[in-house]
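*Asks:* need a structure here:
(4 chains)
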Number of protein chains: 2
Amino acid sequence: MKPDSVSIREISKITGVSVATVSRVINNNGRFSKETEARVKKALKEYNYTPNLAARGLRTKRIATVGVVVPDITNEYFARITLHLQERLFAHSYSTIICNTDEKADIERRHLDMLLSQQVSGVMYVSGTPHAFDRLSHLPAVFIDREPQTAREAGNYSLIESDNFLGGTLAARELLQKGCRRLCIFKYRDDISTHNAREAGFRQAAREAGLHDDAVRVEIVPDVSVRQGYEKAKAVWQAGGFDGLFCTADALAVGACNALRAEGVEIPGQVKLVGYDDTAIAHYGAVPLTSVHQSTEEIGRLAADTLLQIIDGKQPERRHITLPVHLVVRASTGGQFEEA
Amino acid sequence: MKPDSVSIREISKITGVSVATVSRVINNNGRFSKETEARVKKALKEYNYTPNLAARGLRTKRIATVGVVVPDITNEYFARITLHLQERLFAHSYSTIICNTDEKADIERRHLDMLLSQQVSGVMYVSGTPHAFDRLSHLPAVFIDREPQTAREAGNYSLIESDNFLGGTLAARELLQKGCRRLCIFKYRDDISTHNAREAGFRQAAREAGLHDDAVRVEIVPDVSVRQGYEKAKAVWQAGGFDGLFCTADALAVGACNALRAEGVEIPGQVKLVGYDDTAIAHYGAVPLTSVHQSTEEIGRLAADTLLQIIDGKQPERRHITLPVHLVVRASTGGQFEEA
DNA sequence: CCTCGCTGAGTAAACGATTACTCATCCTGG
DNA sequence: CCAGGATGAGTAATCGTTTACTCAGCGAGG
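*Replies:* Numbering: from 1, shown residues only, chains lettered A, B, ... in the order given. Got it, this is the predicted structure:
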């Protein structure tokens, strides 16, 4: 049973130098001789010294921790981004506090108060609802995917998103090229810029291909569950149908796929299907799903680096970064069957 | 732009009482008059006071934060448990630091050092590899699913797991009852008690049904990916086959399902299939998957409550809790088709 | 030989909150 | 009328680190 953890003062006593010097050696800050350094470092190791971050944070008012605010960690897309964020931040010896808001304003508010209390050095908003942003308008922040309207004029933040308009365009082109003419979109809510841009890109591509605007039917769904996709697809199919369907999230597409097959519809024979995010379930379904891929790894890496830059007081190179996306073609639009 | 956050001292100045009294009001600790209380509380609200957790933690040596160590947050089962843990802990105004180890000992070690530095009050091990447990043997800890052998004699910890033996038994009974006689198990590694127990339960049920031990073939896989399931199923099928397959994780079962269908095998006609964890992908696959369900919500809730008890110095009611599981029957063993 | 600058290291004051003591005041019962 | 308990509130030490000052010693240039 090791001692609970020795303090800088005990190291000082052991080595016979002052606490100030020990601190200098630890932080490699200020002057000290080679011998002193060696002696102190030996003691640090030997007595298994662990810095008390509370004390350090109190004194320096900076703590190597950032908050990550995410709507739903069980959503694979969010989980991946969060994971990559964490890896990158951890590599810079920052720790992360992950806060799940479930898209609820009051929960988000409480989480933010907690983050403030912790004196975190920055906050990462993963597809964040902007509800409680006023709480921390003075903190370094990076938004992923969605930008809060209320923060427009506020200061220190950046936005990282992927090119949703392009994603929509790619989806439309694939369906059109494969011969679809009666198109339908299942879109998540009507107030989320991310999903609206996907629709806009889709519509524009359809228009460019000479389709009339009302050849594209839009259905709005209140959540991105498989069940939603299932039920919406059943309803819309019975109400007239379509031959090409674009869902702004993979889960919807998987649900739609199941529903259509239950109705005896052949995919990709009668209906072609494109999803979004290229999450793992895109591979697993009854029909492997063509989907728009965005790199969670790159998003996470860029977002982490940008936040660290802001924290360090450097102006980030770019305040607003848009990453490219690409389409992964699978069986649901008649692509090659891709295994596993 | 609000002031960065006022301190207890400023509240003291504003209200004309001492800092000690302000602190007492904040913590509802010690004595103070109704009027003082009202005046202080008003000022706290008005000036938007946020306690500095670093200072508090430094003084009290207790911080309302626990570390959650998890192998892979993008695994849905782990993500769900983590989510419920967080909800429950947050409800008790604890925050959580989630650490993803990727099953790597050195990453785990660094995470633990960080948690120690943060002076967390406890650690939650979700299906944790025990590698670096020595680092914090004196900290309150709760293990979910897996118990570290090395910690046997160490003090303050509990184990929450679900009844894996029962899960294996249920899986076997379902397959046997539906007429399967040539059984196969895809098991994740050979050194993980959780998965070993599933196999043991399965075998025992098979034995009880009068099957010879070698009527149960066991295949060990190195990870729980869909791809693994796919490839192993293809290989085993070509090497002789089976009519009932039990996978100790859903992802394996989904991969196996895809592989078998690609071979022209009918499910559940020729082969019946049971998975484990009842994650979302169990619903999504080409054939809805019969799976052993364990309640992540209950596991999370119990684990959180137990850890809080240990932190508060109370002996938890039970050191070792085993939760029941149940089987959800779907199409892959000939059950009713369950939508979405 | 004096002075100046550099080097290595110590002293002590913060940081913001908690809490053990202390104390003045007031009330009450004998 | 007084002893003593209860009450409300202030004083000051403390938690572990960082860091602005300070300073002794030494070597070199004038």
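*Asks:* can you map out the strands along chain A?
*Replies:* A:65-70, A:95-100, A:122-126, A:141-144, A:157-162, A:183-188, A:216-221, A:244-247, A:272-277, A:290-293, A:320-323, A:326-328 (DSSP state E).
*Asks:* Make TSV out of those strands and add mean neighbour count.
*Replies:* Quick note: C-beta positions are derived from backbone N, CA and C, even for glycine. Listed next are the strands of chain A as TSV, based on neighbours: other CB atoms under 10 Å in any protein chain shown:
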stretch	mean neighbour count
strand A:65-70	25
strand A:95-100	24
strand A:122-126	27
strand A:141-144	27
strand A:157-162	23
strand A:183-188	24
strand A:216-221	17
strand A:244-247	32
strand A:272-277	29
strand A:290-293	26
strand A:320-323	14
strand A:326-328	17
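*Asks:* For DNA strand C, which of the ones you listed is the nearest?
*Replies:* With distances scored as CB to the nearest atom of the strand, the stretch of the strands of chain A nearest to DNA strand C is strand A:65-70 (16.4 Å).
*Asks:* Which strands and helices lie in contact with that closest one?
*Replies:* If you count contacts as 3 or more CB pairs under 8 Å, 6 or more residues apart in numbering or on different chains; DSSP states H and E, strand A:65-70 packs onto helix A:76-91, strand A:95-100, helix A:105-117, strand A:122-126.
*Asks:* With chain B in mind, check whether the shortest one reaches it.
*Replies:* The one in question is strand A:122-126. No. Taking CB under 8 Å from any CB of the partner chain as the criterion, strand A:122-126 and chain B are apart, separated by no less than 12.8 Å.
*Asks:* which residues touch that strand?
*Replies:* The contact list for strand A:122-126, computed with CB atoms under 8 Å, 6 or more residues apart in numbering or on different chains, reads A:66-71, A:78, A:81-82, A:85, A:96, A:112, A:115, A:136, A:139-146, A:148, A:303-304, A:307, A:310-311.
*Asks:* what mean pLDDT would you report for that strand?
*Replies:* Across strand A:122-126, pLDDT averages out at 92.
*Asks:* So which bits of chain A are right by DNA strand D?
*Replies:* Neighbours of DNA strand D within chain A, by CB under 7 Å from any atom of the strand: A:7-9, A:19-20, A:23-24, A:26-27, A:29-30, A:49-52, A:55-56, A:58-60.
*Asks:* out of those residues, which touch DNA strand C?
*Replies:* The subset of the residues of chain A next to DNA strand D within reach of DNA strand C, counting by CB under 7 Å from any atom of the strand, consists of A:19-20, A:30, A:55, A:58-59.
*Asks:* For the residues you listed, which two are the farthest from each other?
*Replies:* Within these, two members stand farthest from each other by CB to CB: A:G30 and A:L58, at 20.2 Å.
*Asks:* Could you report the separation of A:K272 from B:H212?
*Replies:* With distances defined as CB to CB, to the nearest Å, the gap from A:K272 to B:H212 amounts to 50 Å.
*Asks:* err, A:V25, not the other one
*Replies:* Counting by CB to CB, the separation of A:V25 from B:H212 is 68 Å.
*Asks:* same check, this time on A:K232
*Replies:* According to CB to CB, A:K232 and B:H212 sit 50 Å apart.
*Asks:* Which one's more surrounded, those two?
*Replies:* Using other CB atoms under 10 Å in any protein chain shown, the more surrounded residue of A:K232 and B:H212 is A:K232, with 22 against 8.
*Asks:* so what's that one up against?
*Replies:* Here A:K232 is in contact with A:186, A:219, A:221, A:252, A:255-256 (criterion: CB under 8 Å, 6+ apart).
*Asks:* per-residue pLDDT, A:R181?
*Replies:* As summarised for this prediction, A:R181 has a pLDDT of 94.
*Asks:* what's the answer for the one 4 residues further on, then?
*Replies:* At A:I185, the pLDDT value in this model is 98.
*Asks:* Repeat that for the one 4 residues further on.
*Replies:* The score at A:R189 is 93. That number is its pLDDT.
*Asks:* any weak-confidence spans in the stretch 101-250 of chain A?
*Replies:* Within the stretch 101-250 of chain A, the stretches falling below the threshold (pLDDT under 70) are A:129-137, A:149-156.
*Asks:* rerun that using 80 as the cut-off
*Replies:* Confidence mapping of the stretch 101-250 of chain A against pLDDT under 80 gives the ranges A:128-138, A:147-156.
*Asks:* ok, A:S18 - contacts?
*Replies:* For A:S18, the contacting residues are A:S12, by CB under 8 Å, 6+ apart.
*Asks:* if I look at it, how far off is A:A304?
*Replies:* Here the criterion is CB to CB. By it, A:S18 lies 37 Å from A:A304.
*Asks:* ok now stretch A:262-270, how far from the chain's centre?
*Replies:* What separates the centre of stretch A:262-270 from the centre of its chain is 33 Å, taken as CA atoms, centre = their mean, to the nearest Å.
*Asks:* what residues does that stretch touch?
*Replies:* Here stretch A:262-270 makes contact (CB under 8 Å, 6+ apart) with A:178, A:234, A:237-238, A:243, A:257, A:260-261, A:271, A:273, A:287, A:331-334, B:337, B:339.
*Asks:* what number of residues lie near the nearest residue to A:S12 once chain neighbours are set aside?
*Replies:* For A:S12, the nearest residue in space outside its immediate sequence neighbours is A:V19; the separation is 4.4 Å by CB to CB, 6 or more residues apart in numbering or on different chains. In terms of burial, A:V19 registers 14 neighbours under the definition other CB under 10 Å.
*Asks:* unless I'm mixing things up, A:V19 is touching A:I8, no?
*Replies:* Yes. Shown here, A:V19 and A:I8 form a contact pair, counting by CB atoms under 8 Å, at 5.3 Å.
*Asks:* For DNA strand C, what is the nearest residue in the stretch 51-200 of chain A?
*Replies:* Checked against DNA strand C (CB to the nearest atom of the strand), the nearest residue in the stretch 51-200 of chain A is A:R59, 3.5 Å away.
*Asks:* what sits against that residue?
*Replies:* By CB under 8 Å, 6+ apart, A:R59 has no neighbours at all.
*Asks:* Contacts only, for A:N196.
*Replies:* Contact criterion CB under 8 Å, 6+ apart gives A:187, A:190 as the residues in contact with A:N196.
*Asks:* Kindly report the same for A:E297.
*Replies:* A:80, A:84.
*Asks:* Up against chain B, what does the stretch 101-250 of chain A have?
*Replies:* Where the stretch 101-250 of chain A comes near chain B, counting by CB under 8 Å from any CB, the residues are A:110-111, A:113-114, A:116-119, A:137-138, A:225-227, A:229-231.
*Asks:* Point out the least confident member of the ones next to DNA strand C among the residues of chain A next to DNA strand D, please.
*Replies:* For these, the weakest pLDDT value sits at A:G30, with 87.
*Asks:* Not counting its neighbours along the chain, what's nearest that one?
*Replies:* Distance criterion CB to CB, 6+ apart; nearest residue to A:G30, sequence neighbours excluded, is A:R24 at 4.1 Å.
*Asks:* Likewise for A:E10?
*Replies:* A:Y47 (7.1 Å).
*Asks:* Now the terminal residues of stretch A:261-274, how far apart.
*Replies:* From the first residue to the last, stretch A:261-274 extends over 15 Å; the measure is CA to CA, to the nearest Å.
*Asks:* which residues does the residue nearest to A:E10 contact?
*Replies:* Contacts were defined as CB under 8 Å, 6+ apart; by that measure A:Y47 touches A:3, A:6, A:10-11, A:14.
*Asks:* Just the ones of those in helices?
*Replies:* Per DSSP state H, helices hold the following members of the contacts of A:Y47: A:10-11, A:14.
*Asks:* Would you mind listing what in chain A touches DNA strand C?
*Replies:* Looking at DNA strand C, the residues of chain A close enough under CB under 7 Å from any atom of the strand are A:16-21, A:30-33, A:35-36, A:55, A:58-59, A:61.
*Asks:* tell me the two of these that are most distant?
*Replies:* The most widely separated members of these, counting by CB to CB, are A:E35 and A:K61 (33.2 Å).
*Asks:* What is the burial count for A:K45?
*Replies:* For A:K45, the count of nearby residues is 9 (other CB under 10 Å).
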